[in-house]
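Visitor: What follows is a predicted structure for the sequence shown.
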There are 2 protein chains.
Amino acid sequence: MDTAPLTISQYLIRRLQEIGVSHVFGVPGDYVLDFLDEVVASPLHWVGNCNELNAGYATDGYARMKGVGAAVVTYGVGGLSILNAVAGAYAERVSMIVISGAPPTTRRQSGALVHHLVSDYRLQYDIFRKVTADAGILDDPATAPELIDRVLGRCLAERLPVYLELPADMARRVCAPPAQAYTVPVPRSDPESLSECVEEAVALLGKADHPMVLVGGEVSRLRLGSKTLALVERLELPFATMLSSKSVLPELHPQFIGLYQGNWSRPLVSKQVEASDCLLSFGAWMTDLDTGMFSTRLVPRNLIAAIGGHVQIRSHYYHNVQLADFVQALAAAAEPRSYTASHPVETYHIPEAYSPVDNQPLTAARFYERIDGFLDDQMVLLAEPGDSFCAAADFHVEEAENFIVQPFYASIGFCTPAALGVSLARPDKRAVVLTGDGAFQMTAQEVSTLLRNNCPAIILLVNNDGYLVERVLHDDGSYNDLQPWAYYRLPEVFGKNAVCMKVATEGELERALSVAEKETKRLVFIDVQIGKLDASAGLARLGAAFRATQEAHASARQANVRTERLTLR
Amino acid sequence: MDTAPLTISQYLIRRLQEIGVSHVFGVPGDYVLDFLDEVVASPLHWVGNCNELNAGYATDGYARMKGVGAAVVTYGVGGLSILNAVAGAYAERVSMIVISGAPPTTRRQSGALVHHLVSDYRLQYDIFRKVTADAGILDDPATAPELIDRVLGRCLAERLPVYLELPADMARRVCAPPAQAYTVPVPRSDPESLSECVEEAVALLGKADHPMVLVGGEVSRLRLGSKTLALVERLELPFATMLSSKSVLPELHPQFIGLYQGNWSRPLVSKQVEASDCLLSFGAWMTDLDTGMFSTRLVPRNLIAAIGGHVQIRSHYYHNVQLADFVQALAAAAEPRSYTASHPVETYHIPEAYSPVDNQPLTAARFYERIDGFLDDQMVLLAEPGDSFCAAADFHVEEAENFIVQPFYASIGFCTPAALGVSLARPDKRAVVLTGDGAFQMTAQEVSTLLRNNCPAIILLVNNDGYLVERVLHDDGSYNDLQPWAYYRLPEVFGKNAVCMKVATEGELERALSVAEKETKRLVFIDVQIGKLDASAGLARLGAAFRATQEAHASARQANVRTERLTLR
């Protein structure tokens, strides 16, 4: 190890490099300039964003591809602007490091009213504590190295965001250099719990006629796709994924059944998952969108549910059993029995060949069918919360890491900035953004940062004149209308290196996609004109489930209104 | 009063109307659609924004003109995205009402993992409590009316933002209608404290040779401009304002001395203010930017400082003395003595006539000089935090309410969305945005909402290729560079109703401003090309003060580095 003294900034930068961060996103501000001077002098690449929220989304996309990402912002105006992206990373378990500049400690001690201060100096730290696994204020060179190591460790071990606040006068203060290379802490299982739990699971598997694996979001975030694939292949178990784990295991795999979302699943998927007499549920997030608005019918006595460091079998829990260890130990201990062969499953439906009709106006269904076929193994699809992720749930994605979605926090506007992170994390892949006009307007300026960094992303903007999800979920209101932009002209305002097209027919789409395939070095933006109420089949299912819930509320309301009116009289 | 039953939504909407809200800003989301249905069915105007942060800034601009504003967002993704704007309103004392939809109470009770949830259902409320005067969750029709009245009351009485969370299943629940029209609570002074305090102040004024009034930001936010003007005119007191109170009293008034900012003031201003032997300081925010980086030299024994409901004279305090009451009682009780006449002050410098030189490339100094002359009494200037507000500090603004700035929180990107709020609050005035390229990129899409609402704002974009403030305050780094946009083409992408121009010489600016004067019904966008390091005189002063502070830190750091290196060995 190099034992030359380091500043706190240099120490932090060295640790970031060691854990695999090579790009840092953010926006400069005066409280963080000393730190940024060190960033640009280091091997890290500084990626300036148009605003902090967009920087946060970009960092999230980067972290989903590389395992961890870092953002740098200034105090107050910067910190509170990136917060929503950090909250999304917290909800969805993404390792994001937020580094915020802050007023000098001398100002903090005197309580001086400096610019960007909201009220008290601890406010930002207190808020970030609520949406992070750990947080620290680097106000003492003596403790800074230990604090940095602890906070980064929790970020990586728990797959959650963390927060580090660096007062401006601390950025160049000298601290002890690292005594050794950074070792990423790995959460350990309790050996007794693990072996007893695996033993019980093996026994249950042995007795089952229709065992099956349900792969959830945690498998994706803990990057356990290949371990899980090894298990299903060794035991020849059929498996289903969920929206939050889509493509974590290959979708053309002969043991793959399909995407499970309760009532929204294709019937053959829900029928098989719900009929399993031993369902190994690995890291399944039982959120509204992952469960078809809580319409799953899983039988608790047939479940072995591993999530969050615990395994539940019927009514008892094994604590301190990590999913990674459980999957690996179970794969080793269980007897291969060729469940798939003895109980053949209907495998995933392969779509028919798409054949464009030249002057046919595009419909949502045909557009999504075409995009499903367009995607290849070198493309990473980012499907925006909204009609895009509803439609994309039905796409066929073969490679793990080729599908990015925010299936729980569902913050619209996420995908365009996230594509920047994906593009820089994996220059060998091409980011494809599938988004809507309402979502795109939220964060549109980040197209300029894609251009600035020469990211040859493909942006498919479904231009249907408004917030389609809201129109479908609820009686439509004028609040769902948008200002119509000439979207296809926008990238040219932001930079020169874009190819922009507008398409309204199947033939036009075909020609545009063919340009996109050839123009592999430039950003391609396609403004796709779709009818105002034309939704994907996936969104139609969501709408039906949502309205059923609303009607249940409405009947309750009616009853309630009558009662209350009597009371009020 | 109409005593027909109301839903909670209708009750809230009626109260909003009663307190003077006629436009509501925001972004729809499924948890808030039942409420929005009532908004669009009511006399309130719904103004959809591109994203929630922009909606927050627009609401802030609206509230600064009308006294109060309201924003509506959805849960989680919406609430946390608007937070930075609410924090700004809290720092700067702006009455902003944030109404957030939320998951139904039934979901909250079961703890279900619904979309837009971060972790627990109270998180958003807990965060908003930190940046608001009051907050409430409308989860019970029996208490909702009282809660709404209490929260709105604190918003208006304390001139601070407040937060109301409305679960989706509560929006249409029936509650008791108001028993009477809403009465805005007025904070009362303690009569004994007030009279004793006024008596002491009158005595001190009577003994003084050079009394003077220093008008601060609180006078602006509490809308006490005319009361304060009445006082200075009756007592013939000279007065100075600060950046945060600029133009609250007319700047061509014969008793006006100038803008006081400690060392940054013109010497004749600081000399007179600091030499006053009885300085009536009304609501002066002693923030870094208002005090020229804490360079004021006010003598405590000569100060009578009223702020935050207290009056301090030397070392003793009168509590519960409201600024409004103090100003009014003092004006009535003190003897008019013609201080201005007996101690003539140098009045404010009137600029020389500006005469354009046709092919002369524009400089910052000449551009700002020209804009100072261009502004008239029907224009409201919004000066962006950055070079814009540094330059605008030296402008001459005659009318109260014709100058909007965020002098303390200083969040760049504020002014373009805030201009939407200003335009809708005061259609009789024309909003003029003075902004920089870095700030503009943050919130650029809100130009589309200005166009959508036919707001004939004038946007003056100082295009100097980067974050100028950071370049000036600190050794320049590559992180201050921006992607160069074809800014002048942007409004045409967002809508048809704009006039867009790019200017680089004095002659071009002249012609563009002449178009802006004629095109009173359309948005006018002028992309002003200025040299990369060409800053206003105001920013140059800020940079000098800032570097002096930095150098003080640097010497401390040097000393420290040496010591620590020895220790580390």
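Guide: Looks like it came in fine.
Visitor: Any stretches of the stretch 401-550 of chain A with poor pLDDT?
Guide: Residue ranges of the stretch 401-550 of chain A with pLDDT under 70: A:549-550.
Visitor: who in it is up against chain B?
Guide: Residues of the stretch 401-550 of chain A that fall close to chain B, judged by Cβ under 8 Å from any Cβ of the partner chain: A:408-413, A:441-445, A:448-449, A:451-452, A:467, A:469-470, A:473-475, A:477-487, A:489-490, A:492-495, A:546. Using the backbone N, CA and C atoms, a C-beta is placed for each residue, glycine as well.
Visitor: Among those residues, the buried ones, what's the ChimeraX command?
Guide: Command for ChimeraX, covering only those of these found buried under the criterion 16 or more other Cβ atoms under 10 Å in any protein chain shown:
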select /A:408,409,410,411,412,413,441,442,443,444,445,448,449,451,452,467,469,470,473,474,477,479,480,481,482,483,485,487,489,490,492,493,494,495,546
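Visitor: check contacts around the residue most central in space within chain A.
Guide: Centroid check for chain A by Cα atoms, centre = their mean gives A:Q406 as the closest residue, at 4.2 Å. Residues near A:Q406 by Cβ atoms under 8 Å, 6 or more residues apart in numbering or on different chains: A:G88, A:E92, A:P385, A:F389, A:F414.
Visitor: Tell me if I'm right that the first one and A:F414 touch.
Guide: Yes. A:G88 is in contact with A:F414 according to Cβ atoms under 8 Å; the separation is 7.1 Å.
Visitor: what touches both of those two?
Guide: Counting by Cβ under 8 Å, 6+ apart, the contacts common to A:G88 and A:F414 are A:Y57, A:D60, A:Q406.
Visitor: Just the closest of those residues to chain B, please.
Guide: Nearest to chain B among the shared contacts of A:G88 and A:F414 is A:Q406, at 9.2 Å by Cβ to the nearest Cβ.
Visitor: helix, strand or coil for the closest one?
Guide: The local conformation at A:Q406, judged by DSSP: H, G, I helix; E, B strand; the rest coil, is coil.
Visitor: Just give me how far stretch A:48-62 sits from the chain centre.
Guide: Chain-centre distance of stretch A:48-62: 13 Å, with Cα atoms, centre = their mean, to the nearest Å.
Visitor: Would you map the helices across the stretch 201-350 of chain A?
Guide: Counting by DSSP state H, counting those that start in this stretch, the stretch 201-350 of chain A has helices at residues A:217-221, A:225-235, A:267-275, A:323-333, A:339-342.
Visitor: Packing partners of the fourth one?
Guide: Counting by 3 or more Cβ pairs under 8 Å, 6 or more residues apart in numbering or on different chains; DSSP states H and E, the packing neighbours recorded for helix A:323-333 are helix A:191-207, helix A:225-235, strand A:278-282, strand A:303-307.
Visitor: got the angle between that helix and helix A:191-207?
Guide: Inter-element angle recorded for helix A:323-333 and helix A:191-207: 50 degrees (by axes from the mean of the first three to the mean of the last three Cα atoms, to 10 degrees).
Visitor: quick one: helix A:323-333 to strand A:303-307, angle?
Guide: 140 degrees.
Visitor: do the same with the third one
Guide: Using the same axes, to 10 degrees, the inter-axis angle of helix A:267-275 relative to strand A:303-307 is 100 degrees.
Visitor: buried ones in helix A:267-275?
Guide: Using 16+ other Cβ under 10 Å as the test for burial, helix A:267-275 gives A:V269, A:S270, A:Q272, A:V273, A:E274.
Visitor: Give me the contacts around the strand or helix carrying A:A512.
Guide: Assessed by DSSP states H and E, A:A512 sits inside helix A:506-518. Identification of contacts with helix A:506-518 by Cβ under 8 Å, 6+ apart yields A:356-362, A:366-367, A:370, A:374, A:458, A:499, A:501-503, A:524, A:526, A:528.
Visitor: Weed out the non-buried ones from those.
Guide: Among those, the ones that count as buried by 16+ other Cβ under 10 Å are A:356, A:362, A:366-367, A:370, A:374, A:458, A:499, A:501-503, A:524, A:526, A:528.
Visitor: Quick one: closest of the helices and strands packed on helix A:323-333 to chain B.
Guide: Ranking those by their distance to chain B (criterion: Cβ to the nearest Cβ) puts strand A:303-307 first, at 11.8 Å.
Visitor: Which other helices and strands does that closest one contact?
Guide: If contacts are counted by 3+ Cβ pairs under 8 Å, 6+ apart, strand A:303-307 sits against strand A:278-282, strand A:310-313, helix A:323-333.
Visitor: Any idea how far the one helix or strand A:R370 maps to is from the middle of the chain?
Guide: Element membership of A:R370, judged by DSSP H and E, is helix A:364-374. Distance, stretch centre to chain centre, for helix A:364-374: 22 Å (Cα atoms, centre = their mean).
Visitor: Please write out the alpha-carbon positions of it in CSV.
Guide: The C-alpha trace of helix A:364-374 is given here as CSV (Å, rounded to 0.1, in the frame of the first residue of the first chain):
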residue,chain,number,x,y,z
ALA,A,364,-49.6,0.5,-29.1
ALA,A,365,-49.9,-3.3,-29.5
ARG,A,366,-48.1,-3.4,-32.9
PHE,A,367,-45.4,-1.0,-31.7
TYR,A,368,-44.6,-3.0,-28.6
GLU,A,369,-44.6,-6.2,-30.6
ARG,A,370,-42.1,-4.7,-33.0
ILE,A,371,-39.8,-3.4,-30.2
ASP,A,372,-39.8,-6.8,-28.6
GLY,A,373,-38.4,-8.2,-31.8
PHE,A,374,-36.0,-5.3,-32.3
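Visitor: list the helices and strands it packs on?
Guide: With contacts taken as 3+ Cβ pairs under 8 Å, 6+ apart, helix A:364-374 sits against helix A:387-392, strand A:458-463, helix A:506-518.
Visitor: Now the element after it, going C-ward?
Guide: strand A:379-383.
Visitor: Parallel or antiparallel, list what pairs with that following strand.
Guide: Sheet partners assigned to strand A:379-383 using DSSP bridges are listed as strand A:403-404 (parallel), strand A:430-436 (parallel).
Visitor: Which elements pack onto whichever helix or strand comes after the last one?
Guide: Just to be clear, that refers to strand A:430-436. Next in sequence after strand A:430-436, counting helices and strands by DSSP H and E, comes helix A:437-443. Secondary-structure packing of helix A:437-443 (3+ Cβ pairs under 8 Å, 6+ apart): helix A:52-66, helix A:415-425, strand A:458-463.
Visitor: Give me the angle between the longest one and helix B:52-66.
Guide: The one in question is helix A:52-66. Interaxial angle, helix A:52-66 versus helix B:52-66 (the same axes, to 10 degrees): 170 degrees.
Visitor: other SSEs contacting helix A:52-66?
Guide: On a contact count with 3+ Cβ pairs under 8 Å, 6+ apart, helix A:52-66 meets strand A:23-26, strand A:69-73, helix A:79-92, strand A:96-102, strand A:403-404, helix A:415-425, helix A:437-443.
Visitor: could I get the ones you listed as JSON lines with distance to B:R301?
Guide: Output for these, formatted as JSON lines (distance: least, Cβ to Cβ, whole Å):
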{"stretch": "strand A:23-26", "distance to B:R301": "47"}
{"stretch": "strand A:69-73", "distance to B:R301": "43"}
{"stretch": "helix A:79-92", "distance to B:R301": "40"}
{"stretch": "strand A:96-102", "distance to B:R301": "35"}
{"stretch": "strand A:403-404", "distance to B:R301": "65"}
{"stretch": "helix A:415-425", "distance to B:R301": "55"}
{"stretch": "helix A:437-443", "distance to B:R301": "54"}
